[in-house]
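Colleague: Any chance you can model this:
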Amino acid sequence: MNYEEQKFNLPEIQGLSKKNIEEHVKLYAGYVKHTNLVLEKIAEYSKDTTANGYAINEIRRRFGFEFGGMRNHEYYFGALEGGPVPLTSSSPLKKAIVTSFGDYDEWQKDFKSIALTRGIGWAILVYDKKAGRLLNSWVDEQHIGHLAGLPIVLALDMFEHAYYLDYVPAEKKIYIDAYFANVNWLAVEKFFEEAAE
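Modeller: Predicted structure coming up:
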């Protein structure tokens with residue numbers, strides 16, 4: 001069974017050009033395609049693990065990158081679907097943010113600080129169901145540093161491909177603010193509900 005590319009209902013994104021979003025969605029499609037290709041190669045190489053031992057080990061390493069790129073982007077674009085919707089003070093996610101971080105503004109300040117980490121990767125908000133709390137984290141590339149077993153609630157792409165047609169790297173703060181201005185918090189609430197089930 002192959003993974004299928006999701007189609008996103010993305011309105012005009014204030015602060016990010018249509019061209020930038022179109023190119024970014026194409027890149028996401030590439031992660032889906034390559035996730036499937038890597039799985040095909042793993043199946044092929046597995047027919048003779050003695051002869052293909054090295055190759056299969058290397059392509060399994062590649063799988064984490066491609067799969068992570070696919071899933072991370074689904075959270076990224078999923079949070080932009082339908083246009084901006086504010087996070088209400090009565091929402092379970094807002095309450096969980098306040099419980100976990102003391103204050104919404106403190107959470108956002110911490111999250112944005114993580115997003116400014118040097119290098120390529122993702123600022124990620126995850127939910128630790130066992131501890132009953134949200135955590136912010138940095139993920140290098142697409143897959144290195146994911147906190148084991150913790151589902152994503154919000155994912156902010158900090159690869160330059162996410163903003164390079166609109167901003168230079170020194171303007172990452174502007175890109176981060178633009179992303180937050182366009183988040184549909186109802187969609188993010190759904191991610192949180194799924195994480196907390």
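
Colleague: so Tyr31 is in which element?
Modeller: Element membership for Tyr31 (DSSP states H and E) is helix 18-45.

Colleague: tell me the angle the following helix or strand past that helix makes with helix 18-45.
Modeller: Following helix 18-45 in sequence order, the next helix or strand is helix 53-78 (DSSP H and E). Counting by axes from the mean of the first three to the mean of the last three C-alpha atoms, to 10 degrees, helix 53-78 lies at 150 degrees to helix 18-45.

Colleague: buried ones in helix 53-78?
Modeller: For helix 53-78, burial by neighbour count (16 or more other C-beta atoms under 10 Å) applies to 56, 59, 62-63, 65-78. C-beta: built from backbone N, CA, C; applies to glycine.

Colleague: which helices and strands does that helix pack with?
Modeller: For helix 53-78, the packing partners by 3 or more C-beta pairs under 8 Å, 6 or more residues apart in numbering; DSSP states H and E come out as helix 18-45, strand 152-157, helix 185-196.

Colleague: hmm, try it at 10 Å
Modeller: If contacts are counted by 3 or more C-beta pairs under 10 Å, 6 or more residues apart in numbering; DSSP states H and E, helix 53-78 sits against helix 18-45, strand 121-128, strand 152-157, helix 185-196.

Colleague: Hey, what's the angle from the first one to strand 152-157? Just curious.
Modeller: On the basis of the same axes, to 10 degrees, helix 18-45 is oriented at 110 degrees to strand 152-157.

Colleague: Distance from helix 18-45 to the middle of the chain?
Modeller: Offset of helix 18-45 from its chain centre (C-alpha atoms, centre = their mean, to the nearest Å): 15 Å.

Colleague: Need the residue closest to the centroid of the chain.
Modeller: Geometric centre of the chain, nearest residue: Asn72, 2.9 Å, by C-alpha atoms, centre = their mean.

Colleague: Now that residue. Nearest residue, chain neighbours left out?
Modeller: Setting aside the residues directly before and after it, Asn72 is nearest to Ala155 in space (C-beta to C-beta, 6 or more residues apart in numbering), at 5.0 Å.
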